[in-house]
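# Provide a 3D model corresponding to the input given below.
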Amino acid sequence: METQIRLLLADDHAVVRSGLRLLLEAQPDMVIIGEVENGEDAISRTAELKPDVVLMDIEMPGMNGIEATRRIKRESPQTAVLALTMYEDDQYFFEMLQAGAAGYVPKRAAPDELASAIRAVSRGDVFLYPSLAGRLVQDYLVRRDVEANEPTPDDLTPREQE
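Just a heads-up that it's a prediction; the model follows:
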């Protein structure tokens with residue numbers, strides 16, 4: 001039998017955690033090793049349990065999932081964080097990626113998509129839900145175009161360079 005992916009669930013809703021447990025423990029290659037309901041506990045339990053993947057909600061009481069992800073990646077860089085959230089707006093998406101999340105999945109995703117995302121980030125890959133991946137590409141293209149239109153030092157006169 002192949003090694004199981006060890007998961008820590010971080011979500012402030014007990015019903016969501018319970019549903020995730022049922023769904024994910026039905027996967028032969030996954031095991032839930034812990035559950036937490038806030039960011040502070042996610043950090044301490046990650047240090048203690050050393051999960052392969054933390055499924056991280058963004059909005060939780062106390063410390064949110066963005067700050068918890070930032071701290072987990074600093075203190076336990078070998079642990080992958082996968083954002084699992086109802087928020088699909090650009091702000092949270094980009095903040096979670098900047099904090100070190102290896103993936104971002106909306107809670108409306110199909111169960112098999114979530115399982116695929118967990119497997120991907122546990123291997124060290126990045127997983128972005130298709131509709132969100134398009135936003136990342138758009139952001140990159142806009143930034144590239146802006147940078148391409150900025151003058152380089154060689155294009156400036158000596159006075160402008162001053």
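# hang on, S131 packs against E88?
Yes. Using CB atoms under 8 Å, S131 makes contact with E88 at a distance of 7.3 Å. Every C-beta, even on glycine, is put in place using the N, C-alpha and C of the backbone.
# more neighbours, these two?
Legend: neighbour count by other CB atoms under 10 Å for S131 and E88, higher for E88 (15 against 10).
# how far off centre is the one helix or strand T46 maps to?
Taking DSSP states H and E as the definition, T46 sits inside helix 39-49. Here the centre of helix 39-49 is set off from its chain's centre by 16 Å, with CA atoms, centre = their mean, to the nearest Å.
# tell me which residues of it come out buried.
Buried residues in helix 39-49, counted by 16 or more other CB atoms under 10 Å: 39-43, 45-46, 49.
# can you map out the strands along this structure?
Remark: strands assigned in the chain by DSSP state E are 5-10, 30-36, 53-56, 80-85, 103-106, 127-128.
# nearest to F93, of the ones you listed?
Of all the strands of the chain, strand 103-106 sits nearest to F93, with 5.7 Å by CB to CB.
# direction included, what does that closest one pair up with?
Its sheet considered, strand 103-106 pairs with strand 80-85 (parallel), strand 127-128 (parallel) by DSSP bridges.
# need the winner for burial among the ones you listed.
Of all these, strand 80-85 has the most neighbours on average by mean count of other CB atoms under 10 Å, namely a mean of 26.
# where does the protein have its least confident helix or strand?
Every helix and strand of the chain was ranked by mean pLDDT, DSSP states H and E. The lowest is helix 130-149, at a mean of 68.
# and the residue most central in space within the chain, what is it in contact with?
Central residue of the chain (CA atoms, centre = their mean): A101, 3.1 Å from the mean position. The neighbours of A101, taking CB atoms under 8 Å, 6 or more residues apart in numbering as the test, are 56, 69, 81-83.
# can you put the residues you listed in TSV and add pLDDT?
Formatted as TSV, those follow (pLDDT from 0 to 100):
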residue	pLDDT
M56	97
T69	98
V81	98
L82	97
A83	95
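# including distance to A14, could those residues go into a markdown table?
Below are these laid out as a markdown table (distance: CB to CB, whole Å):
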| residue | distance to A14 |
| --- | --- |
| M56 | 16 |
| T69 | 21 |
| V81 | 21 |
| L82 | 20 |
| A83 | 19 |
